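>>> Fold the stuff below for me.
(2 chains)
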Amino acid sequence: MVDIEKIEKRTIQSFYEDGLAEIALGLIVLLLGGYFFAKEVVSENSSFRAVLDVLFVLVIVFGFLANRILRFFKRRLTYPRTGYVTFKKKELSPKRRVATAVVAAIISASLAALYGLSPSFKALYPAVNGLLFGVAGLLFANKVGLMRFYVLAASSAVIGVAVTAAGIGDIKGIFLYYAIFGAALIISGLAALVVYLHRSPRPAADASEGPDAH
Amino acid sequence: MPTELHGLADIDRIIHEPARLALTAILSVVESADFLYLQRETGLTKGNLSSHLAKLEEAGYVTIEKTYRGRIPLTLVRLTDTGAAAYKAYRARFKKFLEKT
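Below you'll find the model as predicted:
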């Protein structure tokens, strides 16, 4: 019997099979880490502060361009091997949109309140980042159903908590968290890409096209 | 006929065929997919895939668009609104049937 749910899930998983999405996210996370590192290293009066602002803008621009860059590489690596596919853009229902906004507001308010009550809370930033990314990653892994995403979600939490436990400061800690987690994403993506390229060689030139019947 | 089978008697036979069910299940998740993608995901031969897609197209469940990606010909398949509604109804009916039995 055809397992419909399995087919639907497998179709969603196929988008992440090549690891390119993880590599793109990993690069964004690494760039963020680089920004925090530069912020720590460059003194307040330095003229390099302007460069820092540019770097932050670059991170945002890269974030916006990531989807286009991803599609560029998919066109060259993925589509010729396993075929072209585009996924539906899911619009959140008004109820879910409100629920998401409320959850985000509660988290932001809680973090602001905790910081207001005790400035030493800043020391927990890496752990908080790691746990938030971890929870988001867990929800995403549950939706997609790929084991490596569960591992990445867990590693985010572990890295965040470990960096905080090491007590190396808030900004340095944040940099270290983003650097390690970004590297983990890229390594995971590259490993997936290598496996994908090995398993999916380019088919013969005519294979991307259906028979003339259509 | 046992009551739990009544719902199955008028089930959509276009979708019910395993290969076409797999195709509509895939197309229900994506915006569009090309011939190669569908062939790899279903494991069907070119001829089989082509004939199943033709049946789905005939029923108005999918549209098949012949286009080009650069110089490479591309056959894009999309589930129509009719196809999406039929698949949704099939899925719900079959799920109900499985729960009853």
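>>> what's the longest helix in chain B?
helix B:81-100 (DSSP state H).
>>> mind checking pLDDT for A:L124?
If you check A:L124, the pLDDT there is 85.
>>> Likewise for B:E65?
93.
>>> For it, the count of nearby residues, please.
12 (other C-beta atoms under 10 Å in any protein chain shown). C-betas here are computed from N, CA, C, even on glycine.
>>> quick one: secondary structure of it?
With DSSP: H, G, I helix; E, B strand; the rest coil as the basis, B:E65 sits in strand.
>>> Give the bridge partners for the closest residue to it other than its chain neighbours, please.
Nearest non-adjacent residue to B:E65, counting by C-beta to C-beta, 6 or more residues apart in numbering or on different chains: B:L76, 4.6 Å away. Judged by DSSP bridges, the bridge partners of B:L76 are B:D34, B:E65.
>>> Number of residues surrounding B:L76?
Count around B:L76 with other C-beta under 10 Å applied: 19.
>>> separation between it and B:L36?
11 Å (C-beta to C-beta, to the nearest Å).
>>> Touching both of the two, which residues are there?
A:Y84 (C-beta atoms under 8 Å, 6 or more residues apart in numbering or on different chains).
>>> nearest residue to the residue positioned nearest the centre of chain A other than its sequence neighbours?
Centroid check for chain A by C-alpha atoms, centre = their mean gives A:L25 as the closest residue, at 3.7 Å. Nearest residue to A:L25, sequence neighbours excluded (C-beta to C-beta, 6+ apart): A:L185, at 5.5 Å.
>>> residue contacts, the one you found?
A:22-23, A:25-26, A:29, A:152.
>>> So which bits of the one helix or strand it maps to are buried?
Using DSSP states H and E, the element containing A:L185 is helix A:170-199. Neighbour-count burial for helix A:170-199, counted by 16 or more other C-beta atoms under 10 Å in any protein chain shown, picks out A:170-182, A:184-186, A:188-189, A:192-193, A:196.
>>> Could you report the neighbour count for residue 96?
No chain in the question, so chain A it is. Count around A:R96 with other C-beta under 10 Å applied: 11.
>>> should've been chain B
Using other C-beta under 10 Å: B:K96 sits among 13 other residues.
>>> That one and B:I11: what is the separation?
11 Å.
>>> Please apply the same query to A:G116.
Counting by C-beta to C-beta, the gap from A:G116 to B:I11 is 61 Å.
>>> Which one's more surrounded, those two?
Taking other C-beta under 10 Å, A:G116 and B:I11 do not tie; B:I11 has more neighbours (14 against 9).
>>> Name the nearest residue to that one, ignoring sequence neighbours.
B:R93 (6.2 Å).
>>> Need the pLDDT of that neighbour.
At B:R93, the model reports a pLDDT of 85.
>>> and the residue of chain A found nearest chain B, how many neighbours?
Relative to chain B, the nearest point of chain A is A:G83 (2.7 Å; C-beta to the nearest C-beta). By the criterion of other C-beta under 10 Å, A:G83 has 22 neighbours.
>>> May I have the phi/psi pair for it?
In terms of degrees, to the nearest 10, the main-chain angles of A:G83 are phi 100, psi 160.
>>> No more questions from me, cheers.
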